[in-house]
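# sequence plus predicted model, see below.
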Amino acid sequence: MSDRSATVLASLPHLEHPDGSPVKVLIVEDEATIADLLRFPLQMVGWEAQVSGDGLEAVRVAREMRPDVVVLDRMLPGIDGVEVLRRVRALQPDIPALMLTAMDGAGDRIDGLAAGADDYVTKPFTIEEVLLRLHRLVQRSGVVAQGSNELVVGDLVMNLDTHEVTRGGDAVALTATQYQLLQYLMENPSRVLSKAQILDAVWNYDFGGQANIVELYISYLRKRIDVGREPMIHTVRGAGYVLKPAA
């Protein structure tokens with residue numbers, strides 16, 4: 001496992017059911033190498049991961065397993081990923097799903113989303129991106145409890161119940177908008193987020209001439225989070241911003 005993958009794994013919040021049982025994920029992928037690439041890191045964070053390489057078998061496994069989230073390939077033997085998802089949705093209408101596809105055409109993405117997929121990743125992908133997206137899907141689903149209901153990235157901690165933020169144990173005072181921006185960054189640690197993505201997530205704007213708002217609030221956050229410390233908020237020129245643990 002790469003150092004980057006290890007850092008992402010360490011930054012992910014611990015998720016489990018209220019009774020302490022692990023998150024269950026069904027991986028539907030017929031390429032064994034890719035299936036293992038997904039399964040091992042998820043097991044490392046305490047999830048129960050089961051793999052199926054055939055579409056029809058996956059539906060049977062889902063019926064028996066009752067997973068909390070499913071990640072599935074678009075192209076599968078038996079029946080394809082879109083049909084698998086339709087049948088799994090008939091069993092569990094609210095199950096979150098992430099679709100993997102080697103096809104980048106808009107029609108393929110629309111088919112997956114129309115079938116009920118909550119998100120998709122185009123191959124080739126990084127395992128870090130898939131892990132982050134799966135965690136976000138499970139967090140949003142409400143079917144599991146997040147340990148202590150906190151987001152933790154390095155020495156930066158956000159309590160989602162009290163809205164208290166600390167870095168290195170020191171309290172950080174934030175306005176409501178600054179808090180929302182930091183929460184979005186902390187939900188996506190080590191992932192580069194574009195100004196358009198940030199505008200949409202925090203301000204619900206379509207991107208168009210509002211980049212200065214993002215720049216201004218990133219500047220505010222840096223003054224609260226990074227001044228006098230090793231920086232956590234970084235600018236990726238031409239791409240956006242990323243929050244990651246201090247070196």
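Done, it's in.
# now do the phi/psi pair for Arg199.
If you look again at residue 199, you'll see it is Leu, not Arg. Recorded main-chain torsions at Leu199 are phi -60, psi -40, according to degrees, to the nearest 10.
# just give the number of residues close to it.
Using other Cβ atoms under 10 Å as the criterion, Leu199 is surrounded by 18 other residues. From N, CA and C alone the C-beta is placed, and that goes for glycine too.
# likewise for the one 4 residues further on?
Counted with other Cβ under 10 Å, residues neighbouring Trp203 total 15.
# is the residue nearest to it when sequence neighbours are not counted in a helix, a strand, or coil?
Ranked by Cβ to Cβ, 6 or more residues apart in numbering and with sequence neighbours excluded, the top spatial neighbour of Trp203 is Ile213, at 6.7 Å. Look at Ile213: counting by DSSP: H, G, I helix; E, B strand; the rest coil, its state is helix.
# which secondary structure element contains the spatially most central residue of the chain?
Centrality entry for the chain: nearest residue to the mean C-alpha point is Arg133, 2.2 Å, by Cα atoms, centre = their mean. Taking DSSP states H and E as the definition, one finds Arg133 inside helix 127-141.
# what about that helix, distance to the chain center?
Taking Cα atoms, centre = their mean, to the nearest Å, one finds helix 127-141 lying 3 Å from the centre of the chain it belongs to.
# got a list of contacts for that helix?
Identification of contacts with helix 127-141 by Cβ atoms under 8 Å, 6 or more residues apart in numbering yields 4-5, 8-9, 12-13, 15, 23, 25, 37-38, 41-42, 45, 68-69, 71, 94-98, 100, 118-119, 121, 144, 146, 187-191.
# from the residues you listed, list the buried ones, please.
For the contacts of helix 127-141, a neighbour count by 16 or more other Cβ atoms under 10 Å gives the buried set as 5, 8-9, 12-13, 15, 23, 25, 37-38, 41-42, 45, 68-69, 71, 95-98, 100, 118-119, 121, 144, 187-191.
# okay, and which of these map to strands?
Leu15, Val25, Val69, Val71, Ala97, Leu98, Leu100, Asp119, Val121 (DSSP state E).
# ok, the first one to Lys24 distance?
Separation of Leu15 from Lys24 (Cβ to Cβ, to the nearest Å) stands at 11 Å.
# which residues do those two both contact?
Shared between the contact lists of Leu15 and Lys24 (criterion: Cβ under 8 Å, 6+ apart) are residues Trp47.
# ok so, going back, the residue nearest to Trp203 against Tyr220, yeah?
No. Checked against Cβ atoms under 8 Å, the pair Ile213 and Tyr220 is beyond contact range at 10.8 Å.
# what comes up buried for the helix or strand where Arg63 lies?
Under the criterion DSSP H and E, the helix or strand holding Arg63 is helix 55-65. Along helix 55-65, these residues count as buried under the neighbour rule (16+ other Cβ under 10 Å): Gly55, Glu57, Ala58, Val59, Val61, Ala62, Met65.
# thanks a lot, catch you later.
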